[in-house]
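Trainee: Need a 3D model of the following:
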Amino acid sequence: MKLATKDVLGLEHMTPEDIELILNTARDMKTIVTGRMKRVNYLQGRTVITLFFENSTRTRVSFELAAKYMGAQTVNVSVASSSVAKGETLIDTGRTLEAMGADIIVIRHSQAGAPHLLAKNINASVINAGDRIHEHPTQALLDMYTMREYFGTLKGLKVAIIGDIYHSRVARSNIFGLNKMGASVKLYAPATLVPPGIEKLGAKLCSSIEEAISGCDVVMSLRIQLERQKKALFPSASEYSRFFGLSPEKTEHLSENMILMHPGPVNRGLEMTSSLIDGEKSVVNRQVTNGVAVRMALLYLLTGGQNQ
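Mentor: Here you go, the predicted structure:
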């Protein structure tokens, strides 16, 4: 078993067959994540390096755990204290890490396209762990895995994505992936947080939260990315919560089988109330667990899918 390409840079150009292979492999990997003995030797002798130019908890830690659970050596490069701080280019950094024996480099970068640039200039596999507001393929894959695990299929699912669409690489990757797998996507956000041409990606833009979530199987709330906003894009937190935040009152009429998702971290009370985050319809923690399984699947498949 092997993916069609040596890198995982986004879902826009990933085939449905590769997405299916990743999700199926993740199903097997989850038995390791949830088991008592979290150790196999599938990646014994391999080296995985995480290179994060932006902050992360879930993505970085889950990649490190995924690699360690499969027996790989892992190294986390602290960018602030690396030669990058001395002016070393991304390509030179990548080539240096490859010369030290890196098999896979997991990169998060503040510039869109940085993982693609790195992948073109080294032979090691590159996984995009988020490049600015472009894509976050592994988050979308774990989201899709969670949906499929709960409903049994992605085909025909109706998914609503609510919140900061403009700055969300998660939204973009989910739109690409869900469309490829036969689901439909609706969006709702403040007008200032809707990127131009977003409907061309294959999603329907709604004019109210009621329209967006009505009849949906999945409602996904997104984090307000204040760190990327150079000016105020909505009047106040209380007004955002009132019109765009999810609450029990807004979701009480939805199907009993509906699930609530969030890529994390969550601004409680702003994007979603605590009662929903911690409620029975929330699968937020399941997403985190599934993130490790999906990332194990990717590491396994990029190294050839062979037991060592």
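
Trainee: Sketch out the low-pLDDT regions of the stretch 201-308 of the chain for me.
Mentor: Residue ranges of the stretch 201-308 of the chain with pLDDT under 70: 226-233, 235, 306-308.

Trainee: For it, which segments are assigned as strands?
Mentor: 204-205, 218-221, 259-261 (DSSP state E, counting those that start in this stretch).

Trainee: which helices and strands does the last one pack with?
Mentor: Looking back up the chat, that one is strand 259-261. helix 137-151, strand 218-221, helix 284-302 (3 or more Cβ pairs under 8 Å, 6 or more residues apart in numbering; DSSP states H and E). For the C-beta atoms, the positions are set from N, CA and C on the backbone; glycine is no exception.

Trainee: Packed most tightly, which of the ones you listed would that be?
Mentor: Most buried of those by mean neighbour count (mean count of other Cβ atoms under 10 Å) is strand 218-221; its value is a mean of 26.

Trainee: returning to that earlier point: any chance of a markdown table for the helices and strands packed on strand 259-261, columns distance to residue 103?
Mentor: Converted to a markdown table, the helices and strands packed on strand 259-261 look like this (distance: least, Cβ to Cβ, whole Å):
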| stretch | distance to residue 103 |
| --- | --- |
| helix 137-151 | 17 |
| strand 218-221 | 33 |
| helix 284-302 | 8 |
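
Trainee: Go through the ones you listed and name the closest to residue 172.
Mentor: For the helices and strands packed on strand 259-261, the distance to residue 172 is smallest for helix 137-151, at 8.3 Å, taking Cβ to Cβ.

Trainee: okay, the angle between the closest one and helix 284-302?
Mentor: 120 degrees (axes from the mean of the first three to the mean of the last three Cα atoms, to 10 degrees).

Trainee: any idea of the mean pLDDT in helix 137-151?
Mentor: Helix 137-151 shows a mean pLDDT of 98.

Trainee: when you give positions from now on, start the count at 723
Mentor: Got it, first residue is 723 now, which makes that one helix 859-873.

Trainee: so where does the closest residue to residue 805 other than its chain neighbours fall, helix or strand?
Mentor: The shortest distance from residue 805 to any non-neighbouring residue, by Cβ to Cβ, 6 or more residues apart in numbering, is to residue 815 (6.8 Å). Assigned by DSSP states H and E, residue 815 belongs to helix 812-821.

Trainee: what does that helix contact?
Mentor: For helix 812-821, contacts defined as Cβ atoms under 8 Å, 6 or more residues apart in numbering pick out 771, 773, 799, 804-806, 810, 827, 831, 836, 839-840, 843-846, 848.

Trainee: go with 6 Å
Mentor: 771, 806, 840, 843, 844, 846 (Cβ atoms under 6 Å, 6 or more residues apart in numbering).

Trainee: Any chance of a markdown table for those residues, columns neighbour count and pLDDT?
Mentor: As requested, the contacts of helix 812-821 are arranged in a markdown table below (neighbours: other Cβ atoms under 10 Å; pLDDT from 0 to 100):
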| residue | neighbour count | pLDDT |
| --- | --- | --- |
| 771 | 23 | 98 |
| 806 | 17 | 84 |
| 840 | 25 | 98 |
| 843 | 15 | 98 |
| 844 | 20 | 98 |
| 846 | 22 | 98 |
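
Trainee: what's the closest of the residues you listed to residue 1012?
Mentor: When the contacts of helix 812-821 are compared against residue 1012 (criterion: Cβ to Cβ), the nearest one is residue 771, at 23.3 Å.

Trainee: Run a quick check on the closest one versus residue 829, I expect a contact.
Mentor: No: counting by Cβ atoms under 6 Å, residue 829 is not a contact partner of residue 771; they are 8.9 Å apart.

Trainee: So which residues of the stretch 773-922 of the chain form strands?
Mentor: Here the stretch 773-922 of the chain has its strands, by DSSP E, counting those that start in this stretch, at 795-800, 826-831, 847-853, 880-884, 906-910.
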